[in-house]
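Colleague: give me a model of this one.
(chains A and B)
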Amino acid sequence: MRALVIVAVLTAAFGTARAAPAGPTDTPGFTKAFSCSACHGRAGASRADAVPVLAGMPAWYFKKAIDDYATGRRPSPEMEPFAKMVRTLGVDEIAAYFAAQPREPSPLGVDRTASVNGRGAASQCAACHGDDGRGDQAKGAPPLAGQPPGYLLNQMKLFKADKRSPGDENLTKVKALMKSIDDTTLSALAAYYSSLGR
Amino acid sequence: MARMTRREFLRASGVTVAVSSVAGCASRSGAPTAAATPSDLAPNRKGRRVIVIGGGWGGATAAKYVRMQDPSIDVVLIEPNKRFVSCPFSNLVLSGVRSIGSLTFGYDGLREQYGVKIMRDTATALEPDARRVRLGGGFLTYDRVIVAPGVDFQTEQIEGLADAGDRVLHAWKAGPQTVALARQLKEMPDGGVFVLSIPPAAYRCPPGPYERACQVAWYLKTRKPRAKLIVLDANQNVISKPALFRAAWQAYPNLEYRASNKVVKVDPGARAVTTDFGDTVRYDVVNVIPPQRAGAIAVQADLVGADKRWCEVNHVTYESVKTKDVHVVGDATIGIPAPKSGTVANSMGKIAATAVVHLLNGRPAPEMPPINTCYSWVSDSEAMAVINAYRIENGKVVQIEQKLTPGQSTLYAQHATAWATSIWADILA
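Modeller: All right, here's what the predicted structure looks like:
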């Protein structure tokens, strides 16, 4: 900041425009991720219930999600065009940018009782997503901790109805699991995983 | 924290002497009049300054994103309104689903978190040769200016509209008119007729009038089952998401849609409008959305094209094709294949800000495409959407893809609310 100010003063003094020193603009992916903040919050720190936090999302999962949206494997009229756009802009750079942001849990409150109930029902989820909900790349399981409860619940319901990545054989088990769980328990699981890592 | 008055702004800017000739301040005897020698309201001695004219979706975003990227640049936002009122979601105020308060935000975040200087005033002229903006009795100098004036209404295009005053509401700039129209709807007798007039494209928010039709029809169906909504559309068909809107209207037998019915005259005394076919339609409540053009400053500064309505801009920098160092964003622009939507204005604000920061630092502006998302509420609980993604090709914005939601749902309504929550923060917080 101080360096910027000094350069600005020098620039004014000598009356010539010159390149500014490294600033936030030079961070790879910084400006390319601007579009995302309209829905996903500043630097991916979503404040909204139905939109996932991208800040701190591991690059492998970000890229998988973009790939699945862009190809239509994960059907979403809202994300498919933007996923294609991310690919034209450079998915690696944008994935690395979000992965480098400090992980910022959703600021939305979760129901405490539901969260406690969710903890009790989470053992099967933990097998892949980990006890701390941080996920496991080897198992293709993304981090769940700190995501907004509404987003987590919506995804579980989409799995349950086979509307998320329909026909994906890697997800057969998780979908069967979701079908075996009633909606109240899904809400409890959403509350529990949202509460983790805060 | 209350908004800065001009006097407070001047104090904060370190200006103490030149104030005497500012309009509205008592002038000393013998002092030059404001008109004769406009004074520099805040001399910019420190470095580079960007002036943003208009604190709506495009302008407020641009002001924030300039400061966010280069805090050494002085940013002054000129905006006459004390508060930001969101046009998106304001149709829900008509149906009583949301309050106007829930769509109203202050500019404190821009000032306190980003150091944007806010002047509650109206820019009256642009002097590009002198690189200054005229306002009040003086001027402000700039290195680059971002003009985000939104739209103004061409009331002269409809006979009787200019003289009708508050008796014929547009409610197309969210605020007091939105609240007044909601009240008129509420007070309308059951069995009454609500007439909604849609102007010819291009106008702000292509799906907005059709969403409004849904909200009014939903309200009438729920509260005044014998009342009727007549939509008079100057266009040949629903111009945005036609299949989705027509599907939604299946639930509203009280909605009568008449395409190619351009309202040319309004008579508040007789409570009737006349179309270009000469048909007269009587109303209990009328809502005339007038034809539109870029906001006044853009016309005054001759940033508009041959049509005298909209401003053509460079697709990468948003610099006016007519005037150097003057950028235009939001609904006032034309030529970029993106709708006049809030999301696009927000997007343009970021891109123009990034271009300005780069150019002021002697760097080429990066090529950044805009995005669009338009959610429309078709009832109190369901929404649908259109999404557009773009890329830059040979310096021009081209569309990658447009997608529609397959239908309306409560899930898309959740997404609509999430979008609004996020983008309001993106603009102001």
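Colleague: what sits against the most centrally placed residue in chain A?
Modeller: By CA atoms, centre = their mean, chain A has its centre lying nearest to A:Leu54, at 3.1 Å. A:Leu54 is in contact with A:36, A:40, A:44, A:46, A:62, A:98, A:101, counting by CB atoms under 8 Å, 6 or more residues apart in numbering or on different chains. Heads up, the C-betas are built off the backbone N, CA and C, glycines and all.
Colleague: what is the burial count for residue 160?
Modeller: All of this refers to chain A. 19 (other CB atoms under 10 Å in any protein chain shown).
Colleague: that's the wrong chain, I wanted chain B
Modeller: Counted with other CB under 10 Å, B:Gly160 comes out at 19.
Colleague: gap between it and B:Ala272?
Modeller: B:Gly160 sits 10 Å away from B:Ala272, going by CB to CB, to the nearest Å.
Colleague: then B:Asp121?
Modeller: Taking CB to CB, one finds B:Asp121 at 40 Å from B:Ala272.
Colleague: try B:Ser197
Modeller: 12 Å.
Colleague: give me the low-pLDDT residue ranges for chain A?
Modeller: A:1-25 (pLDDT under 70).
Colleague: follow-up on the earlier one: A helix includes the residue nearest to the centre of chain A, no?
Modeller: No: according to DSSP: H, G, I helix; E, B strand; the rest coil, A:Leu54 belongs to no helix; its state is coil.
Colleague: show me the contacts for the closest residue to it other than its chain neighbours.
Modeller: Nearest residue to A:Leu54, sequence neighbours excluded (CB to CB, 6 or more residues apart in numbering or on different chains): A:Gly44, at 3.1 Å. Neighbour list for A:Gly44: A:33, A:36-37, A:53-57, A:98, A:101, A:104 [criterion: CB under 8 Å, 6+ apart].
Colleague: and with 7 Å instead?
Modeller: A:36, A:53-55, A:98, A:101 (CB atoms under 7 Å, 6 or more residues apart in numbering or on different chains).
Colleague: out of those, which one sits closest to A:Pro166?
Modeller: Checking these against A:Pro166 with CB to CB, the nearest one is A:Leu54 at 24.2 Å.
Colleague: is any part of stretch A:159-168 close to chain B?
Modeller: No: using CB under 7 Å from any CB of the partner chain, stretch A:159-168 stays clear of chain B, coming no nearer than 9.8 Å.
Colleague: next one: that stretch to chain centre, how far?
Modeller: 19 Å (CA atoms, centre = their mean, to the nearest Å).
Colleague: repeat that for stretch A:177-195.
Modeller: With CA atoms, centre = their mean, you get 19 Å for stretch A:177-195.
Colleague: how about stretch A:185-198?
Modeller: The answer for stretch A:185-198 is 15 Å, by CA atoms, centre = their mean.
Colleague: who's in contact with it?
Modeller: Counting by CB under 7 Å, 6+ apart, A:105-106, A:110-111, A:114-115, A:117-119, A:121-122, A:125, A:132-133, A:144-149, A:152-153, A:156-157 sit against stretch A:185-198.
Colleague: mind giving me the PyMOL command for buried ones among those residues?
Modeller: To isolate the buried ones among the contacts of stretch A:185-198 in PyMOL, judged by 16 or more other CB atoms under 10 Å in any protein chain shown, type:
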select buried, chain A and resi 105+106+110+111+114+115+117+118+119+121+122+125+133+144+145+146+147+148+149+152+153+156+157
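Colleague: now rank the contacts of A:Leu54 by neighbours and give me the top one.
Modeller: A:Ser46 (29 neighbours).
Colleague: figure out the helix or strand that the residue of the stretch 201-350 of chain B found nearest chain A lives in.
Modeller: Residue nearest to chain A within the stretch 201-350 of chain B: B:Lys350 (4.6 Å; CB to the nearest CB). If you go by DSSP states H and E, B:Lys350 is part of helix B:342-360.
Colleague: just to revisit the earlier point, neighbours around the residue of the stretch 201-350 of chain B closest to chain A, how many?
Modeller: With other CB under 10 Å as criterion, B:Lys350 counts 28.
Colleague: the one 10 residues further on now?
Modeller: Other residues near B:Leu360 number 23, with proximity taken as other CB under 10 Å.
Colleague: ok, B:Ala182 - contacts?
Modeller: B:Ala182 sits in contact with B:93-94, B:96, where contact means CB under 7 Å, 6+ apart.
Colleague: keep only those of those that are also close to chain A.
Modeller: Within the contacts of B:Ala182, nothing lies near chain A by CB under 7 Å from any CB.
Colleague: who wins for most neighbours among those residues?
Modeller: That'd be B:Leu94 among those, by other CB under 10 Å, with 25 neighbours.
Colleague: CA atoms of stretch A:148-167 as PDB?
Modeller: Listed next in PDB are the C-alpha coordinates belonging to stretch A:148-167 (Å, rounded to 0.1, in the frame of the first residue of the first chain):
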ATOM      1  CA  PRO A 148     -23.700 -23.000   3.500                       C
ATOM      2  CA  PRO A 149     -26.400 -25.300   4.900                       C
ATOM      3  CA  GLY A 150     -28.800 -24.600   2.000                       C
ATOM      4  CA  TYR A 151     -26.300 -25.500  -0.600                       C
ATOM      5  CA  LEU A 152     -25.400 -28.800   1.100                       C
ATOM      6  CA  LEU A 153     -29.100 -29.700   1.500                       C
ATOM      7  CA  ASN A 154     -29.900 -28.900  -2.100                       C
ATOM      8  CA  GLN A 155     -27.000 -31.100  -3.300                       C
ATOM      9  CA  MET A 156     -28.100 -34.000  -1.200                       C
ATOM     10  CA  LYS A 157     -31.600 -33.700  -2.500                       C
ATOM     11  CA  LEU A 158     -30.300 -33.500  -6.100                       C
ATOM     12  CA  PHE A 159     -28.300 -36.700  -5.400                       C
ATOM     13  CA  LYS A 160     -31.300 -38.300  -3.900                       C
ATOM     14  CA  ALA A 161     -33.500 -37.500  -7.000                       C
ATOM     15  CA  ASP A 162     -30.600 -38.600  -9.300                       C
ATOM     16  CA  LYS A 163     -30.600 -35.100 -10.800                       C
ATOM     17  CA  ARG A 164     -27.000 -34.400 -10.000                       C
ATOM     18  CA  SER A 165     -24.600 -36.100 -12.400                       C
ATOM     19  CA  PRO A 166     -27.200 -38.600 -13.500                       C
ATOM     20  CA  GLY A 167     -25.700 -41.900 -14.700                       C
END
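Colleague: just checking, B:Gly59 touches B:Val52?
Modeller: Yes: if you go by CB atoms under 7 Å, B:Gly59 and B:Val52 touch, sitting 4.8 Å apart.
Colleague: neighbour-wise, which of those two wins?
Modeller: Neighbours were counted for B:Gly59 and for B:Val52 using other CB under 10 Å; B:Val52 has more, 35 against 27.
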